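Novice: sequence first, then the predicted structure, then my questions.
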2 protein chains.
Amino acid sequence: MARKRRNSDSQLLQPVAGNGLLDRRLLLKSGMVFAGAVTTGVGGIATRAAAEPLAVDPWSKTIGATVPGYSTPSHFEAKVVKTLGDATRPGTQQGRTPHQDIDGIITPNGVHFVVARAGAPDIDPEKHQLLIHGMVKQPLTFSYNDLLRYPMETHVRFIECGGNSAPMWSKTPIQANIQALHGLLSCSEWTGIRLSTLLDEAGIDPKATWMIAEGADGVTMNRSVPVAKAMDDAMIVFYQNGERIMPWNGYPMRLFLPGYEGNMNVKWLRRIKVTAEPTMTKDETSKYSDLQPNGRAKLFTFPMEVKSVITSPSGMQSMREPGLYQISGIAWSGFGRVRRVEISADGGKTFAEAALDGPVLPKALTRFRMPWRWDGSPSVLMSRAVDETGAVQPTRAALMTSRGAQFRYHYNAIQSWNVAQGGAVSNVYV
Amino acid sequence: MARKRRNSDSQLLQPVAGNGLLDRRLLLKSGMVFAGAVTTGVGGIATRAAAEPLAVDPWSKTIGATVPGYSTPSHFEAKVVKTLGDATRPGTQQGRTPHQDIDGIITPNGVHFVVARAGAPDIDPEKHQLLIHGMVKQPLTFSYNDLLRYPMETHVRFIECGGNSAPMWSKTPIQANIQALHGLLSCSEWTGIRLSTLLDEAGIDPKATWMIAEGADGVTMNRSVPVAKAMDDAMIVFYQNGERIMPWNGYPMRLFLPGYEGNMNVKWLRRIKVTAEPTMTKDETSKYSDLQPNGRAKLFTFPMEVKSVITSPSGMQSMREPGLYQISGIAWSGFGRVRRVEISADGGKTFAEAALDGPVLPKALTRFRMPWRWDGSPSVLMSRAVDETGAVQPTRAALMTSRGAQFRYHYNAIQSWNVAQGGAVSNVYV
C-alpha cells in the first residue's frame, strides 16, 4: 500500500501543464505529499530546529493589550487598508480593496470597496424612511424599524463596480498592484429582506416594467432598475458580514441586486418609484455606458460578466527563491456560479484546472488555488474563469476586438502577470 | 389559478404548531403572501404614504464623511460592541459577542468573542516562529513567512468557549441578555494550512498519540490535543474573515480545531510538542473539566455538543405590538452539520420545523428563521437543534439530571425565553 501511494503521489508531482503547474489534487492529499514535494523539490521551506527550547520572545514576558469593545487589526497590518482616490475632493471618492493582502472570499468590512459621490451621509436610522410610490396601487412609507420586522434572508454575494479594472483599458500596461487595478470589487455576507415583499404589498401596475431607486446622499444618487430584477433576487439589506452596514457602504440600508454592476445597488436607499420606462439618469447615460465603434453608447450593462484574477502572486509583489508555491486568486460571475478556473504559467500556451474552495456560491467570489513549482525562469501567469452558463473569460485581445477602444467600463479580460527572472511580478499584456 | 393560489396561501397561514407558529415555507413564498398576512392579519407594518414628495432629511443636504482607509460602524451603532468582563484585571479578560444585534452566520471581526489570560501579545510576525518537536523524526522550525507559502484552505467554522452559557447552570434563571448568557460563541471564515502537512514533514513517531500546543501570550497558555484530531481537520490559521487575525483572537496565527472547545484552539501559537500522553495542564484539569456526582472530574470534553438559541426575540428585548414576527436564531454542533431546528411557542408542548439559511455548513453556525403571529398573550419560545449524527439538544431538566449540579462548563440545553403580556422578554426555566 505504501509503495502504491508513493507511486500515485509521484504521479501527482508530474506537471499537468507547461512551466511547472502541478495537479490541483496535490492540495487535497495528505500533507505528506506536499511536504515531500517541498523537502525533495527545488526548495525546502522549514528549517531544522537548531536548538531547544525556543527562545522566549519579549512579547511573551509582559501582559498584552486589554480586550477592546470593538477589535481592529494589529498595527503590523497598518498597510492593509483601502487606497483612496480623490479623498481630498468633496465629490467623487473611491476606496479600493487590498486583494493582495486578504484571503478567502469574505471581504472584511474595514476594507470593503467604496465609490461615493458625496461621502457617507450621517443617517439616524430612527428617522430614516423608505417611500415606495409611482405606478403602484397603494403608495407606502416604511420606517426603518418597520422594515426590520419583515422576514430576512442571508446570502454571500460580490459587488463589483462597473468601472472596476478600468486601468486595463489603457493601451500600455499600467504598472500597479491588484488593489489599484482590480480593487473596486468586494464580497460579503448580506442580510436583508426581499424587495418583492414590499413591492407586492404596494401592488405594482402590470404596465410598469422599471423603477428608479434613489439614495439619501448629498447627490441623490439614482439608478433605473428593471422590475423583473426587483421581483427576482433583489434585496434591501441591513447587515454586512453580521453587523449593520458600514456608513460608506450604505448605512442604514441599501438596495442589493446580486450580480449587477455596483453603482445600481443604491446606497442609503430612501425612495423607489415604479415607472413605465427607465429614467435615464446621469449614472446610466453619461456614466456607466460604453461608447461603441458605431458612435452610439451601449446602455444598461447590468450583470457583471465572468472574470477572475490571480491575487498571489500579483502585480508589484516579488517571488522569493525558486521552489514550490501556491497560486491563489478569485473568480466570479454576475450570471451565477463559477464552473471552473483554468491556470496557465506559460502565457496561455497550456492551461490546467485549479482547485476551487467550496462551497461554490452563485454570484459570489470563488477562491481558486493551484500548486506551482517555479524554476526561477521568466513566466507569465494567467487565470481564465468559466461560469455555469458556459461563458468563458475572454483574452484581452478578444475583448478589445469585440468592444473597440472607447469602452471605459465592464472590463473582464484575462489578467496576465509577468514573473521576471529574480521574481518581480508585473502587469503585462499578452 | 389565482383562486387556487389564494387557497394554498391561506393554508400556509394556518398555524403549524401551538400559539401562532406559521409554516416556514411562508418565508420562501412570494412576498405577496407575507405582505398579505401582515396587512390582513392582526397588525400591519407599512404605513400608507401620507404625502409626496418625501421630506428631504438634513443629512441629504450636506457632503458626508470622507472615505477612511479602514471603515468602522456608524456612531449610531456604538452600543454594538463586546461586553467586557474583568477588563480592569491584567489576568483573565472576556469579551462577549452581541448576538442580539447581529444577523447571518458571520461574526464581524470587531465583535468576535475573546477569552484572554494576559491580554493580546504584540507579536511581530517577521520575528515569530513555530517549533514542532518532541516525538518526531526531525524537529522543525518555521518562520511566519515560511508558513504562508504552504497550501491554504478556507472554511466557515464556529468557535465556542467551553464555558459559554455557564450562567445557565445557576439554580434560578439569571436575567440578562443573550450576549451575557451565550456570548462566548462566534463564527468566522478562517483561512490557513492543514496542521497535518507540517506534522507529516516532521514525521510523527507511531507511538505518539497526543501533542501539546503552546501560545506566546504572557501566561504561556497550553492544551493537550489528540494526534488524531491534529491529523484530521486541524489547521493553523492566519486569516479571519479575509484579513489577518485580530490581535485578541491570536494574531498572527492560532491553532484551529473545528468543533472543539474554544480554549483548545491555542492562540498566538508558538510551539507544538508531540507526546505519548496528555500533559495535564492547568486548563484541562482545574479548568474546563466538570465535577461529576461521583466526585471525579470529567476531563477532555472536546467537541461542543449540538445547541441552538433564539436571538430574536431574546432576553431583555421587548416585543412591540401584537402581529406577525420572524423568530430568528443560530444553531451549531461540533460533530458536524445541523440537520434541523424545531421551534415551540408554547413552552415545549408543540414544535414545528424552522427554515434554515443555506448552505448549511459543518461545524458552522446555521441561521434559522420561523414566522410567528404573536397574539399578545404570554408565550414561551424555545428552539431545539438536531445534528447530523442524530443528537438532539436536551431540555434543561434532562441536562441537569444527566450531569448533576456541579458542572460549570459545556452547557447545551434548550434556552427558553418568556414573552410576557406587554412584550417583555426574559430568561425562564421551563
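Specialist: Here it is on my side, so go on.

Novice: quick check: residues of the stretch 201-350 of chain A near chain B?
Specialist: Taking Cβ under 8 Å from any Cβ of the partner chain as the criterion, the stretch 201-350 of chain A approaches chain B at residues A:201, A:216-218, A:220, A:238-239, A:241-244, A:246-249, A:251-252, A:270-271, A:323-326, A:328. For the C-beta atoms, the positions are set from N, CA and C on the backbone; glycine is no exception.

Novice: need the buried ones from those selected in PyMOL.
Specialist: PyMOL command restricting these to the buried ones, with burial defined by 16 or more other Cβ atoms under 10 Å in any protein chain shown:
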select buried, chain A and resi 201+216+217+218+220+238+239+241+242+243+244+246+247+248+249+251+252+270+271+323+324+325+326+328
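
Novice: which non-adjacent residue is nearest A:Met280?
Specialist: In space, A:Met280 comes closest to A:Ser224 once its chain neighbours are excluded; the distance is 7.4 Å by Cβ to Cβ, 6 or more residues apart in numbering or on different chains.

Novice: quick check: that neighbour is in a strand.
Specialist: Yes. According to DSSP: H, G, I helix; E, B strand; the rest coil, A:Ser224 belongs to a strand.

Novice: isn't it right up against A:Glu284?
Specialist: Yes. Contact criterion Cβ atoms under 8 Å: A:Ser224 and A:Glu284 qualify, at 5.9 Å.

Novice: quick one: the helices in chain A?
Specialist: A:2-12, A:31-40, A:144-147, A:178-182, A:195-202, A:227-230, A:396-403 (DSSP state H).

Novice: check these for me: which has the lowest mean pLDDT.
Specialist: Mean pLDDT across these is lowest at helix A:31-40; the value there is a mean of 52.

Novice: who touches both of A:Ser224 and A:Glu284?
Specialist: Each of A:Pro278 lies in contact with both A:Ser224 and A:Glu284 under the rule Cβ atoms under 8 Å, 6 or more residues apart in numbering or on different chains.

Novice: between the two, which one's more packed in?
Specialist: Higher neighbour count among A:Ser224 and A:Glu284: A:Glu284, with 23 against 20, using other Cβ atoms under 10 Å in any protein chain shown.

Novice: what's near enough to touch the residue nearest to A:Tyr288 when sequence neighbours are not counted?
Specialist: Among residues not flanking A:Tyr288 along the chain, A:Gly162 sits closest, at 4.7 Å (Cβ to Cβ, 6+ apart). When the contact criterion is Cβ under 8 Å, 6+ apart, the partners of A:Gly162 are A:Glu261, A:Gly262, A:Asn263, A:Tyr288, A:Thr301, A:Met304, A:Tyr409, A:His410.

Novice: which of the residues you listed are buried?
Specialist: For the contacts of A:Gly162, a burial check counting by 16+ other Cβ under 10 Å picks out A:Glu261, A:Gly262, A:Asn263, A:Tyr288, A:Thr301, A:Met304, A:Tyr409, A:His410.

Novice: between the residues you listed, which is nearest A:Gly110?
Specialist: A:Gly262 (18.2 Å; Cβ to Cβ).

Novice: how much space separates the residue in the stretch 201-350 of chain A that chain B sits nearest to from A:Tyr150?
Specialist: Here the residue of the stretch 201-350 of chain A nearest chain B is A:Glu201; by Cβ to the nearest Cβ that distance is 3.5 Å. Plainly put, A:Glu201 is 9 Å away from A:Tyr150 if you go by Cβ to Cβ, to the nearest Å.

Novice: kindly report the same for A:Ile63.
Specialist: Distance of A:Ile63 to A:Tyr150, computed by Cβ to Cβ: 47 Å.

Novice: A:Ala397 too?
Specialist: Between A:Ala397 and A:Tyr150 the distance is 48 Å, computed by Cβ to Cβ.

Novice: pick out whichever of the two has more residues nearby.
Specialist: When neighbours are counted by other Cβ under 10 Å, A:Ala397 and A:Tyr150 differ, and A:Tyr150 comes out ahead with 23 against 12.

Novice: contacting residues for the closest residue to the more buried one other than its chain neighbours?
Specialist: Among residues not flanking A:Tyr150 along the chain, A:Ile193 sits closest, at 4.3 Å (Cβ to Cβ, 6+ apart). Listed by Cβ under 8 Å, 6+ apart, the contact set of A:Ile193 reads A:Leu147, A:Tyr150, A:Pro151, A:Met152, A:Glu153, A:Met235, A:Ile236.

Novice: shaky segments in the stretch 101-250 of chain A?
Specialist: Within the stretch 101-250 of chain A, no stretch has pLDDT under 70.

Novice: for it, what spans make up the strands?
Specialist: A:114-116, A:129-134, A:140-143, A:153-160, A:185-194, A:210-215, A:222-226, A:235-240, A:243-244 (DSSP state E, counting those that start in this stretch).

Novice: quick check, the third one touching chain B?
Specialist: To tie it back to what came earlier, the one meant is strand A:140-143. Yes. Residues of strand A:140-143 contacting chain B under Cβ under 8 Å from any Cβ: A:Leu140, A:Thr141, A:Phe142, A:Ser143.
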